[in-house]
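[1] attaching a predicted model along with its sequence, questions to come.
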Amino acid sequence: MTTRLAVVMDPISSIKIHKDSTFAMLLAAQARGWELLYLQQQDLYLEDGDAFGHARPLRVKDDSQDWYNLGTPAAIPLSQCDVILMRKDPPFDMEYIYTTYILDRAATGGALVINRPDSLRDANEKVFTAWFPQCCVPTLISGDMTHIRAFLDSQQHIVVKPLDGMGGESIFRINQGDPNTNVILETLTRHGRRTIMAQRFIPEYTAGDKRILLIDGEPVPYALARIPARGETRANLAAGGRGEGVELSQRDQWICSQVAPILREKGLIFVGIDVIGDYLTEINVTSPTCIRELDALYQLDIAAQLMNVIEQKLATRQKPA
């Protein structure tokens with residue numbers, strides 16, 4: 001029987017296929033002869049407790065001028081899908097949470113949802129680092145500006161950022177005595193009404209913010225180091241950084257070994273962790289990227305590795321009666 005894989009993603013018409021990890025996954029699944037179905041967030045719904053979606057058959061092609069073809073949409077029970085890839089990019093807002101509720105019901109019906117919906121809700125990409133303090137620099141998560149200023153006094157040099165940002169959005173670097181401190185904290189915390197993250201500044205950021213991919217807890221042996229542009233603190237590619245491939249260090253491997261057991265326990269099968277210098281800074285679980293860049297640099301096929309793991313899990317799972 002053909003494996004049926006559904007993907008929930010942003011509009012496929014607007015992706016850049018040379019760097020889109022979801023597209024790499026779709027190519028790998030199609031190469032196995034799997035049936036592909038395409039959905040956007042608004043296509044999902046619950047009816048009488050069961051999860052459904054207005055799904056469109058999908059074919060993909062590694063051609064930057066003509067990379068996809070969509071068939072006629074039809075309403076299907078999501079329990080009829082073997083695998084559902086939840087690859088909707090942030091913002092992680094209430095609509096995202098509502099989507100995870102629908103996918104919870106799909107999982108109850110027997111679909112293998114990657115990543116597991118309840119864990120997508122639980123594992124905020126900034127806050128989740130608190131489960132691994134041994135891997136991190138001193139970190140404060142608070143909306144109290146007095147507390148954050150005291151943290152700045154103790155650390156001298158910090159980075160502050162919102163808990164729901166992506167792509168380097170609204171990240172600020174503050175030195176003790178910076179005359180802009182109050183306005184930065186007022187803006188980020190909305191005058192104390194929003195919780196943010198503060199971390200001790202890591203000067204090794206100039207050597208790159210490493211994105212390390214883990215598949216069911218096993219790290220890909222190479223990372224993409226995002227190097228910040230001249231005069232820029234943020235290394236994110238979306239903020240003008242450039243990517244360089246690097247082999248994982250012993251410290252990187254150790255951090256992965258610390259994180260992996262809880263990732264497996266939570267059903268977080270495809271994850272991207274960020275490491276600066278010797279320290280874990282974020283754990284990306286919603287829609288981690290960098291597959292295509294690492295594939296091109298090291299002649300890898302990371303998406304095929306992911307599909308191998310998915311096949312193994314499909315072979316051993318028990319479908320509901």
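    Received the coordinates, thanks.

[2] the longest strand along the chain packs against which elements?
    Ranked by number of residues, the top strand in the chain under DSSP state E is strand 50-60. For strand 50-60, the contact count by 3 or more C-beta pairs under 8 Å, 6 or more residues apart in numbering; DSSP states H and E identifies strand 4-8, helix 21-31, strand 35-39, strand 44-47, strand 68-70, strand 74-77, helix 94-108 as packing neighbours. In this view, the C-beta of every residue, glycine as well, is placed from N, C-alpha and C.

[3] to K126, which of those lies closest?
    Nearest to K126, of all the helices and strands packed on strand 50-60, is helix 94-108, at 15.3 Å by C-beta to C-beta.

[4] now do the closest one and strand 4-8, the angle between them.
    Here helix 94-108 runs at an angle of 170 degrees relative to strand 4-8 (axes from the mean of the first three to the mean of the last three C-alpha atoms, to 10 degrees).

[5] can you give me how far the following helix or strand past helix 94-108 is from the chain middle?
    As assigned by DSSP states H and E, the chain's next helix or strand after helix 94-108 is strand 112-114. In terms of C-alpha atoms, centre = their mean, to the nearest Å, the centre of strand 112-114 is set 14 Å apart from its chain centre.

[6] next SSE downstream of strand 112-114?
    Next element after strand 112-114 (DSSP H and E): helix 117-122.

[7] just give me how far that following helix sits from the chain centre.
    The answer for helix 117-122 is 12 Å, by C-alpha atoms, centre = their mean.

[8] report all helices and strands that whichever helix or strand comes after that helix contacts.
    Using DSSP H and E, the next helix or strand after helix 117-122 towards the C-terminus is strand 139-142. With contacts taken as 3+ C-beta pairs under 8 Å, 6+ apart, strand 139-142 sits against helix 145-155, strand 196-200.

[9] what does the very next helix or strand once past the longest one contact?
    Toward the C-terminal end, the helix or strand that comes next after helix 145-155 (DSSP H and E) is strand 157-162. Taking C-beta atoms under 8 Å, 6 or more residues apart in numbering as the criterion, the residues outside strand 157-162 that touch it are 126, 148, 151-152, 169-176, 184-185, 188, 194, 196-202, 233.

[10] what's the helix or strand following strand 157-162 in contact with?
    The helix or strand immediately downstream of strand 157-162 is strand 172-175, counting by DSSP H and E. When contacts are defined by C-beta under 8 Å, 6+ apart, strand 172-175 is touched by residues 152, 156-161, 180-181, 184, 188, 201, 233.
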